[in-house]
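Participant: please find the sequence and the predicted model below.
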Amino acid sequence: MIFAPFVISLFFLQAVPLETVVASINNRAITYSEILQEGELLNIENNVPPETPLSKEIKKKILELIFFRIITFEEAREHEITVDEKTVRQKTETYKKNVNMKAFIEKYELTDLEFKTIIKMRLITDKMTNRFIEQKFPKGKNPSAEDKRKALEDWQKNLLKRQKITEYEMP
């Protein structure tokens, strides 16, 4: 009888889903649910059913995208590059008009501030990417889409090299 409460506690602990850390970048943990959340949001943005399963390769690309967004967000902060609140508010309102967005926000229990931060990170990443392209290819040069893609890929790799990244097995 003495062991009964202990057994019940163990059973309860097993029933509670635990968050899985799949990576860290500069001591910031990235969880599996962040991968799933980002994947679902990307599906919504691309007019794909949100519940579409993510392949292992897609999850890996999403993790790299999360790394990139974190790095560019930090770089933007260091260079005092921001996006104005009106743009963030307009983009947030546009996102919320998507028929799948209400269910997404409820599923991940996102507050208005958390959702706004997700949108702001996307906008800042876009701004930093455009800034990089403008610096890499000054006016008068007409780089091909392939040249831009390659330059962005190299930039991303160089940014990642300078970070402290640890990856773990992903479910």
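Facilitator: Perfect, I can see it now. Just so we're clear, the structure is a prediction, and the values are computed from it rather than from any experiment.
Participant: from now on I want contacts and neighbour counts done on CA atoms only, so please keep to that.
Facilitator: Will do.
Participant: separation between the spatially most central residue of the chain and Thr72?
Facilitator: Among the residues of the chain, the one closest to the centroid is Ile66, at 3.8 Å (CA atoms, centre = their mean). Going from Ile66 to Thr72 by CA to CA, to the nearest Å gives 10 Å.
Participant: and if you look at Thr87?
Facilitator: 18 Å.
Participant: just Thr82 next, same as before
Facilitator: Distance, Thr82 to Thr72, by CA to CA: 11 Å.
Participant: repeat for Arg162
Facilitator: Going from Arg162 to Thr72 by CA to CA gives 12 Å.
Participant: what's the answer for Met121, then?
Facilitator: As judged by CA to CA, Met121 and Thr72 stand 9 Å apart.
Participant: repeat that for Asn46.
Facilitator: From Asn46 across to Thr72, the span is 23 Å (CA to CA).
Participant: any stretches of this structure with poor pLDDT?
Facilitator: Across the chain, the ranges flagged by pLDDT under 70 are 1-18.
Participant: burial check on Ala76, number of neighbours?
Facilitator: Ala76 has 17 neighbouring residues, counting by other CA atoms under 10 Å.
Participant: repeat that for Met121.
Facilitator: Met121: 19 surrounding residues under other CA under 10 Å.
Participant: phi, psi for it please.
Facilitator: Torsion angles at Met121 (phi, psi; degrees, to the nearest 10) stand at phi -60, psi -40.
Participant: I'd guessed it sits against Phe68; true?
Facilitator: No: with contact defined as CA atoms under 8 Å, Met121 does not reach Phe68; the gap is 10.4 Å.
Participant: got the contact list for stretch 60-76?
Facilitator: With contact meaning CA atoms under 8 Å, 6 or more residues apart in numbering, stretch 60-76 is reached by 25, 35, 38-39, 82, 121-122, 124-125, 128, 156, 159-160.
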